[in-house]
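Asks: Predicted model follows, preceded by the sequence.
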Amino acid sequence: MLLVPCPYCGSRPEIEFRCGGEAQIVRPEPAGAGDQEQGAYLYYRTNPKGPHRERWYHLHGCGRWFNAVRDTVTDSFQASYRVDAPLPGEDA
(Lines give C-alpha, C1' and ligand atoms only; values in the text may rest on other atoms or scores of the structure.)
Protein backbone atom coordinates (compact mmCIF):
# COMPACT_ATOMS: atom_id res chain seq x y z
CA MET A 1 0.00 0.00 0.00
CA LEU A 2 1.23 3.46 -0.91
CA LEU A 3 1.50 5.89 2.00
CA VAL A 4 0.88 9.52 1.07
CA PRO A 5 2.54 12.09 3.38
CA CYS A 6 -0.10 14.72 4.16
CA PRO A 7 1.63 17.84 5.56
CA TYR A 8 -1.32 18.31 7.94
CA CYS A 9 -2.11 14.74 9.10
CA GLY A 10 1.09 12.77 8.46
CA SER A 11 1.42 9.63 6.32
CA ARG A 12 -1.88 7.97 5.53
CA PRO A 13 -3.00 5.18 3.13
CA GLU A 14 -3.53 6.21 -0.50
CA ILE A 15 -7.24 5.28 -0.42
CA GLU A 16 -7.86 8.44 1.65
CA PHE A 17 -6.58 10.72 -1.14
CA ARG A 18 -7.37 11.86 -4.66
CA CYS A 19 -4.67 13.01 -7.04
CA GLY A 20 -5.42 16.36 -8.61
CA GLY A 21 -2.81 16.16 -11.37
CA GLU A 22 0.27 18.23 -12.06
CA ALA A 23 0.97 21.01 -9.57
CA GLN A 24 2.04 24.61 -10.04
CA ILE A 25 0.67 25.15 -13.53
CA VAL A 26 0.33 28.83 -14.40
CA ARG A 27 -3.04 29.82 -15.84
CA PRO A 28 -2.75 32.13 -18.88
CA GLU A 29 -4.37 35.55 -18.80
CA PRO A 30 -7.83 35.21 -20.43
CA ALA A 31 -7.62 38.48 -22.37
CA GLY A 32 -4.27 37.80 -24.03
CA ALA A 33 -4.40 34.03 -24.50
CA GLY A 34 -5.05 32.51 -27.89
CA ASP A 35 -6.68 29.18 -28.62
CA GLN A 36 -3.37 27.31 -28.66
CA GLU A 37 -2.26 28.73 -25.32
CA GLN A 38 -5.62 27.94 -23.70
CA GLY A 39 -5.58 24.43 -25.19
CA ALA A 40 -2.07 23.79 -23.90
CA TYR A 41 -3.11 24.94 -20.42
CA LEU A 42 -6.19 22.72 -20.37
CA TYR A 43 -4.93 19.53 -21.98
CA TYR A 44 -1.13 19.22 -22.09
CA ARG A 45 0.78 17.96 -19.07
CA THR A 46 4.30 16.73 -18.59
CA ASN A 47 4.76 13.02 -18.04
CA PRO A 48 8.28 12.77 -16.61
CA LYS A 49 10.20 9.71 -15.64
CA GLY A 50 11.43 10.62 -12.17
CA PRO A 51 10.43 13.38 -9.72
CA HIS A 52 7.11 15.01 -10.53
CA ARG A 53 5.17 17.75 -8.71
CA GLU A 54 1.57 16.79 -8.07
CA ARG A 55 -1.45 18.21 -6.27
CA TRP A 56 -3.26 15.91 -3.81
CA TYR A 57 -6.55 16.20 -1.92
CA HIS A 58 -7.03 14.48 1.45
CA LEU A 59 -10.62 13.47 0.82
CA HIS A 60 -11.16 11.19 3.83
CA GLY A 61 -9.05 13.18 6.28
CA CYS A 62 -8.45 16.89 6.78
CA GLY A 63 -10.11 17.82 3.47
CA ARG A 64 -7.21 20.01 2.33
CA TRP A 65 -5.23 20.30 -0.88
CA PHE A 66 -1.44 20.05 -0.79
CA ASN A 67 1.46 19.60 -3.18
CA ALA A 68 3.83 16.65 -3.24
CA VAL A 69 6.89 15.52 -5.15
CA ARG A 70 6.55 11.89 -6.21
CA ASP A 71 9.05 9.79 -8.13
CA THR A 72 7.10 8.20 -10.99
CA VAL A 73 9.62 5.37 -11.35
CA THR A 74 9.65 4.14 -7.75
CA ASP A 75 6.24 5.58 -6.77
CA SER A 76 7.80 7.01 -3.60
CA PHE A 77 7.12 10.47 -2.21
CA GLN A 78 10.13 12.74 -1.75
CA ALA A 79 8.37 15.74 -0.18
CA SER A 80 4.96 17.17 0.61
CA TYR A 81 4.14 20.78 1.37
CA ARG A 82 1.22 23.16 1.70
CA VAL A 83 -0.15 24.78 -1.46
CA ASP A 84 0.84 28.26 -0.26
CA ALA A 85 4.41 27.21 0.63
CA PRO A 86 7.39 26.94 -1.73
CA LEU A 87 8.88 23.58 -2.62
CA PRO A 88 11.19 22.54 0.26
CA GLY A 89 14.77 23.36 -0.69
CA GLU A 90 13.82 26.14 -3.14
CA ASP A 91 14.02 29.87 -2.50
CA ALA A 92 10.68 31.60 -2.01
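Replies: Done, it's in. Residues are numbered from 1 along each chain as shown.

Asks: ok, which stretches of this protein are helices?
Replies: Ranges of helices in the chain, per DSSP state H, are 35-43.

Asks: Below-threshold pLDDT in it: ranges please.
Replies: Scanning the chain for pLDDT under 70 picks out the ranges 91-92.

Asks: Now with 80, please.
Replies: For the chain, the stretches with pLDDT under 80 are 26-33, 41, 88-92.

Asks: Which residue ranges of it form strands?
Replies: 3-6, 10-13, 18-22, 51-57, 65-71, 77-82 (DSSP state E).

Asks: Number of residues surrounding His52?
Replies: Other residues near His52 come to 18 when the count uses other CB atoms under 10 Å. Every residue, glycine included, has its C-beta placed from N, CA and C.

Asks: so who does it touch?
Replies: Taking CB atoms under 8 Å, 6 or more residues apart in numbering, we find His52 in contact with Glu22, Thr46, Val69, Arg70, Asp71, Thr72.

Asks: Could you work out the end-to-end span of stretch 41-55 for me?
Replies: End-to-end span of stretch 41-55 (CA to CA, to the nearest Å): 16 Å.
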